[in-house]
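Student: Fold the following and give me the result.
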Amino acid sequence: MWIGRVLIALVMVLGAWLGGASVASATEGRPTGWDVMQATEGYRLGRMHLRYEPALAEQAAMLAANAPRWWAEIEEEIAGDVDDTVEIVFVDHSGRVAEASGMPHWVAGVAHPPTGEIIIARHAPDGSPTNLEELLRHEMVHVILHRATDGAEVPRWFHEGMAESFNGTLSLGRTQTLAAAVFGPGVPRLDRLEQSFHVGDGPQVAVAYAASRDLVEFLRGYDASGVRLRQVMTELRSGHRFEVAFIHAYGRGLGELVGQWRAGLPGRFIWYPLLASGGLPFILVAPLVVVAWIRRRRKVRLGMERLEREDALAMARLSMTVAAAEATA
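Tutor: Predicted coordinates for the structure are as follows:
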C-alpha cells in the first residue's frame, strides 16, 4: 500500500523533477579555513559544527535536527565508524560557495575531505532552491569515503558514484540519461568516464555522473549485506591499490565486475527505445524505476539487519562463554 502512495506522489511531481537540472557539487577547493563571514550563527552537534547565515535559521534548524542521523547512516554503510569531526557552513547562494572555496560559480556544494569542511547553499546558481538533504549527504559521503580509506587515492568516478549513490534520493533524470547512453552512443569505458569529470562538457559530465552512480549501485547490491563494498574500504585503508582492493573484496577484478554491470544495462533499460520513439511517455515508466530502486534499497537494508542480528547473537554467545569460564575459575 505504501509503495502505491509513493508512486502516486511520484506521478504528481514527476514533471518538476524532470524539468530541473541537477545541482552540481565538488570535492575540492582551497585547502582549509574557508572564510564565510556571513555565517555567524551555529549549532554544536557533538563533533559536528553547523554554521549558518542568520536569515537561514529555519532551514538550519532542519539541518541540525537531521545532519547527525544522515552522517551516521552513511558512515554505517560505508565504513562502520570514522572520525565524526566535521564543519558544515550553510550559506544562502551558491555564489558564496564559489567565493569561499575558489570553485566554479555553478557549484552549490563543496567538500574538502582532508579537513572535513563542507559548504552548501540554499539556492542554486539559477536561483532555484536546492535539495538540502541530497546536497549535504552528497558532500558528507566525500568526507566519509576519504576517512574510510585513510585518504587513499581513488578514481573520481568512484568518489562521485559513491556520493550520488548514498545521497538518499532517486534521480529519474540520471536514469534517463544513462538509458539514452545505453541505446545511443554507448556507455563510456571507465577511463573515459574519469576523463569526463576533468575535461568533459555538460552532456559528457551528465553521462559520467549517471554511469558512475549506477555502477556503484551495482557494486552495493552485489551481495545483500553490502559487506564486499565495505571491505574495499578496508583494503584501501590497508594500503592496497584500488584494483587489488576489488579482487580481495569481490574475488574478481574490477574489469570483470564492470563487464557484468555493462552486460545487464540493455535488459534493465529495455523500455527506453519505446520511450525515445514517442510510443511510451516516461511518466508511465517512472513507477517501474521507483519500484526497482526501492527493491534494491530493501535488499541492502535487509542484509544489514541480518548482519546486525548475527553480530548480536555472536556477542551473546561470547558473553555466555566468558560468564561460564569465570564461574568455573
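Student: contacts and neighbour counts: CA atoms only from here.
Tutor: Noted.
Student: Quick one: low-confidence residue ranges for the stretch 201-329 of the chain.
Tutor: Applying pLDDT under 70 to the stretch 201-329 of the chain picks out residues 271-329.
Student: Please read the previous query as pertaining to the stretch 51-200 of the chain.
Tutor: For the stretch 51-200 of the chain, the stretches with pLDDT under 70 are 98, 100-106, 170-171, 200.
Student: Okay, helices next: where are they in it?
Tutor: 57-78, 94-101, 132-148, 156-165, 172-182, 190-199 (DSSP state H, counting those that start in this stretch).
Student: okay, the angle between the helix or strand just after the last one and helix 190-199?
Tutor: If I follow you right, that is helix 190-199. Downstream of helix 190-199, the next assigned helix or strand under DSSP states H and E is helix 202-220. Interaxial angle of helix 202-220 relative to helix 190-199 (axes from the mean of the first three to the mean of the last three C-alpha atoms, to 10 degrees): 130 degrees.
Student: what residues does helix 202-220 touch?
Tutor: 157-158, 160-165, 174-175, 177-178, 181, 187, 193-194, 196-197, 226, 228-229, 258, 261, 300 (C-alpha atoms under 8 Å, 6 or more residues apart in numbering).
Student: Next one: H49 from A108, what distance?
Tutor: 19 Å (C-alpha to C-alpha, to the nearest Å).
Student: Compare neighbour counts for these two and give me the winner.
Tutor: A108 (28 against 16; other C-alpha atoms under 10 Å).
Student: Nearest residue to that one in space, ignoring adjacent ones along the chain?
Tutor: Of all residues not flanking A108 in the chain, S94 sits nearest, at 4.6 Å (C-alpha to C-alpha, 6 or more residues apart in numbering).
Student: how close does the one you found sit to E75?
Tutor: S94 sits 26 Å away from E75, going by C-alpha to C-alpha.
Student: any idea where the strands of the stretch 201-329 of the chain begin and end?
Tutor: For the stretch 201-329 of the chain, no strands are identified by DSSP state E, counting those that start in this stretch.
Student: ok so, going back, the residue nearest to A108 and D126 touch, don't they?
Tutor: No: judged on C-alpha atoms under 8 Å, S94 makes no contact with D126 at a distance of 9.1 Å.
Student: Which neighbouring residues are in contact with P266, exactly?
Tutor: Applying C-alpha under 8 Å, 6+ apart, one finds that P266 lies in contact with 182-183.
Student: Equivalent analysis for I120, please.
Tutor: I120 neighbours (C-alpha under 8 Å, 6+ apart): 88-91, 94, 97, 108-110, 132, 135-136.
Student: could you redo those as CSV and give each row distance to L236?
Tutor: Formatted as CSV, those follow (distance: C-alpha to C-alpha, whole Å):
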residue, distance to L236
I88, 26
V89, 29
F90, 32
V91, 34
S94, 33
V97, 31
A108, 30
G109, 26
V110, 24
L132, 30
L135, 26
L136, 25
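Student: for the residues you listed, which one is nearest D150?
Tutor: D150 lies nearest to V110 out of the contacts of I120, by C-alpha to C-alpha, at 19.7 Å.
Student: Show me what that closest one is bridged to.
Tutor: A26, I119 (DSSP bridges).
Student: Enumerate every residue touching the nearest residue to L132 once chain neighbours are set aside.
Tutor: Once flanking residues are discounted, L132 sits nearest to R122: 7.0 Å by C-alpha to C-alpha, 6+ apart. Contact analysis of R122 by C-alpha under 8 Å, 6+ apart lists 90-94, 129-130, 132.
Student: cutoff 7 Å now
Tutor: With contacts taken as C-alpha atoms under 7 Å, 6 or more residues apart in numbering, R122 has the following neighbours: 91-93, 129-130, 132.
Student: What of L135?
Tutor: By C-alpha under 7 Å, 6+ apart, the residues touching L135 are G109.
Student: do the same with V154
Tutor: With the criterion set at C-alpha under 7 Å, 6+ apart, V154 makes contact with F242.
Student: Adjust the sequence numbering to begin at 34 for everything that follows.
Tutor: Yes, from this point I'll number from 34; that puts the last item at V187.
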